[in-house]
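> Give me a 3D structure for the following:
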Amino acid sequence: MKEGLGLTNAAHRTTPGSGDLRRGDFAGSAERLERLARELKPKWIAFVGKEAYRGVFGERPELGLQERALGETRLFVLPSTSPANAAVPWWERLQWFQDLAGRASGLPLREAVRALVLDPAGRVLMVRFEDNFGTWWSTPGGGVEPGESHEHALARELAEEVGLLDYELGPVIWTREHRLVDIAAHGGQRERHYLIRTDPFDPAPGFSPRELVAEGVHDARWFTVDELDTVITGPRRLAGLVRDLLENGPPTEPIDAGV
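This next block holds a predicted model:
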């Protein structure tokens, strides 16, 4: 209770797996959760696994925030942590827990900008980030400072992270809301992704290596689209988004890039 968290069960008995549960095992569960929400007034109730939610409410959910609520209590479905759910990669499961943590923090989203930097061969310039959870690659960019325009913030980030100074700013092609709790005073960020086309160059960050590491940036290099499939990227479906852009051109309206 020190952390403001509590645990309960959706079903009345334990089983070797979710496939062994029966409808009767969830009898009265919806009413019990409604009573808990009414009496204890938690801000969130999270279901670890889709089957827990389906057993209670009789409907199959998608992962994430649910439209259904119990009074003022929001409902969220997390991926199962069972070894039987190994088909869902650990990193993907972690993102859903980070999404809930960012929402539950009550902290605002930070405004941020990123750039899809493409060379004539269709390669993508990426930067490597590291934190306590692992390593992933993202397009260059970062937070917008108070009073700063999106265009100025992007120019600053491109100079700092990859040393790109001379370019023509293209349209906003994607948007993304990315929730997490390791950004000071924020529960995630709201991103605008711009398209930039440039000749190939060797990334030469304007920051010193020590300053870059302090920002979480550890490397920068070009990727082919197929190579993007071999690493963890943010957003997760970056390779597919880039393929679509190369085949069909920039969208007429920005696309939600997802988590």
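> For the rest of this, base every contact and every neighbour count on C-alpha atoms.
Noted.
> Which residue ranges of the stretch 101-250 of the chain form helices?
Assigned by DSSP state H, counting those that start in this stretch, the stretch 101-250 of the chain shows helices spanning 150-161, 209-214, 225-228, 238-248.
> Lowest mean pLDDT across the ones you listed, which one is that?
Mean pLDDT is lowest for helix 209-214 out of those, coming in at a mean of 66.
> domains for this structure, by residue range?
Domain assignment of the chain by automatic domain parsing yields the ranges 18-88, 110-256.
> of all those, which lies closest to residue 97?
The minimum distance between residue 97 and the domains of the chain falls on domain 18-88, with 6.7 Å, by C-alpha to C-alpha.
> Can you give me the first-to-last residue distance of that closest one?
The first and final residues of domain 18-88 sit 16 Å from each other (C-alpha to C-alpha, to the nearest Å).
> Pull the distance from it to the chain's centre.
Domain 18-88 sits 21 Å away from the centroid of its parent chain (C-alpha atoms, centre = their mean, to the nearest Å).
> Kindly report the same for stretch 113-121.
20 Å.
> same deal with stretch 188-199?
Computed by C-alpha atoms, centre = their mean, the separation of stretch 188-199 from the middle of its chain amounts to 16 Å.
> just for this structure, where's the confidence low?
By pLDDT under 70, the weakly predicted segments of the chain are 1-2, 207-215.
> And the residue nearest the centre of it?
In the chain, the C-alpha nearest the mean C-alpha coordinate belongs to residue 259, at 3.6 Å (C-alpha atoms, centre = their mean).
> sorry, back to before: nearest to residue 94 among the helices of the stretch 101-250 of the chain would be which one?
Nearest to residue 94 among the helices of the stretch 101-250 of the chain is helix 238-248; the distance by C-alpha to C-alpha comes to 17.7 Å.
> so what does the closest one touch, helix or strand wise?
Here helix 238-248 touches helix 225-228, going by 3 or more C-alpha pairs under 8 Å, 6 or more residues apart in numbering; DSSP states H and E.
> In the helix it packs on, which residues are buried?
By 16 or more other C-alpha atoms under 10 Å, the buried positions in helix 225-228 come out as 225, 228.
> Offset the numbering so it begins at 722, please.
Sounds good: first residue 722 from here, last item helix 946-949.
> In PDB, list the C-alpha atoms belonging to that helix.
The C-alpha trace of helix 946-949 is given here as PDB (Å, rounded to 0.1, in the frame of the first residue of the first chain):
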ATOM      1  CA  VAL A 946      14.700  -0.600 -44.600                       C
ATOM      2  CA  ASP A 947      15.300  -4.300 -44.300                       C
ATOM      3  CA  GLU A 948      17.900  -3.700 -41.500                       C
ATOM      4  CA  LEU A 949      15.300  -1.800 -39.500                       C
END
